[in-house]
Every structure is written in C-alpha cells, then in structure tokens.
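[1] fold the following, please.
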Amino acid sequence: MAGKFVHVEYLTDDYQSRFDIKIQPETKSLILDGRSNDDGGNEYTDKPSIKVAGSRRGRGNFARRVWFRFTEGVPVGYASNGTLSLPWLRPEGYAGFTSSSVGTYQGFPVQFLKKQDERFK
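    Got it, this is the predicted structure:
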C-alpha cells in the first residue's frame with residue numbers, strides 16, 4: 001500500500017540544483033539496472049519544488065520520470081497488469097536505461113518501459 005507523502009531532495013541533471021520533491025517513501029524502493037532511486041537528503045537549495053506529474057504544456061519544473069511494469073507478482077494494492085511511473089530522483093543511471101533494463105520495486109521484479117526527461121519552463 002502507498003505510504004504518506006514525504007519531502008525529499010531531487011537533484012537536476014546538471015548536478016547544479018536541488019529541489020524539494022514530494023513523493024511516497026516507497027518511491028525510493030525502485031531499483032533499475034542495479035541503481036537505487038536514492039534521494040540526496042533533505043537540503044533543499046532551490047524553490048519552488050519540482051513537479052512529478054501533470055500537464056507539461058504550461059510553466060513549471062518537472063522531474064525526470066521512468067515507467068515500468070511488474071513481471072512476477074505485485075505488491076498489495078497494485079494492479080497486476082498496470083504500469084507505474086515514478087520520478088527518478090538523481091541523474092545517475094537515468095541516461096543508460098533501455099528497454100532491456102530490469103529491476104525491482106518493493107521487492108517485486110519489474111521491466112523498464114520508457115522515460116521522460118526533466119523539464120524547466
């Protein structure tokens with residue numbers, strides 16, 4: 001089941017800015033190609049916060065995201081045939097994710113599907 005939202009650090013692709021991002025704690029349990037979806041701590045140097053979802057047509061700061069699906073079993077409360085998208089909190093590993101990337105989410109095997117780069121406008 002999804003946990004309560006928490007505020008953590010999001011690090012931009014250029015490693016120059018840190019933003020406050022609101023996620024559920026289990027977001028950090030995603031591992032792809034052996035890389036953990038770790039945040040950088042709680043030292044926010046730039047405001048406003050960065051968005052995870054929503055329309056990217058207008059103004060705003062949007063986090064890089066990854067989509068994946070479960071391949072064997074699912075955590076309680078998740079659809080077995082659905083896909084999930086989560087923000088990838090640090091630049092490390094993101095550029096290298098491909099259709100052959102695999103990992104786990106909450107301990108269940110997942111297959112990477114696609115990604116969406118961060119955007120600032």
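[2] what segments of this protein are strands?
    Counting by DSSP state E, the chain has these strands, from start to end: 6-11, 18-23, 31-32, 35-36, 61-62, 65-70, 83-87, 102-105, 108-116, 119-120.
[3] packing partners of the third one?
    Contact here means 3 or more C-beta pairs under 8 Å, 6 or more residues apart in numbering; DSSP states H and E; on that basis strand 31-32 packs against strand 102-105. C-beta: built from backbone N, CA, C; applies to glycine.
[4] please produce TSV containing the strands of the chain, extended by distance to G54 and mean pLDDT.
    Listed next are those as TSV, based on distance: least, C-beta to C-beta, whole Å; pLDDT from 0 to 100:
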stretch	distance to G54	mean pLDDT
strand 6-11	15	89
strand 18-23	12	88
strand 31-32	23	97
strand 35-36	26	96
strand 61-62	8	90
strand 65-70	11	96
strand 83-87	12	95
strand 102-105	22	97
strand 108-116	12	97
strand 119-120	11	90
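[5] for Q16, see how far away L32 is.
    Going from L32 to Q16 by C-beta to C-beta, to the nearest Å gives 24 Å.
[6] right, I mislabeled it, should have said S49
    17 Å.
[7] who does R35 bridge with?
    Following DSSP bridges, R35 is listed with bridge partners L32.
[8] report the beta-bridge partners for the residue positioned nearest the centre of the chain.
    Nearest residue to the geometric centre of the chain (C-alpha atoms, centre = their mean): P87, 2.1 Å. Judged by DSSP bridges, the bridge partners of P87 are R65.
[9] tell me who's in contact with it.
    Counting by C-beta atoms under 8 Å, 6 or more residues apart in numbering, P87 makes contact with Y10, I21, I23, T27, V52, A63, R64, R65.
[10] okay, now the spatially closest residue to the third one that is not a sequence neighbour: neighbour count?
    Closest residue in space to I23, ignoring its immediate chain neighbours: V8 at 6.1 Å, by C-beta to C-beta, 6 or more residues apart in numbering. Using other C-beta atoms under 10 Å, the number of residues around V8 comes to 20.
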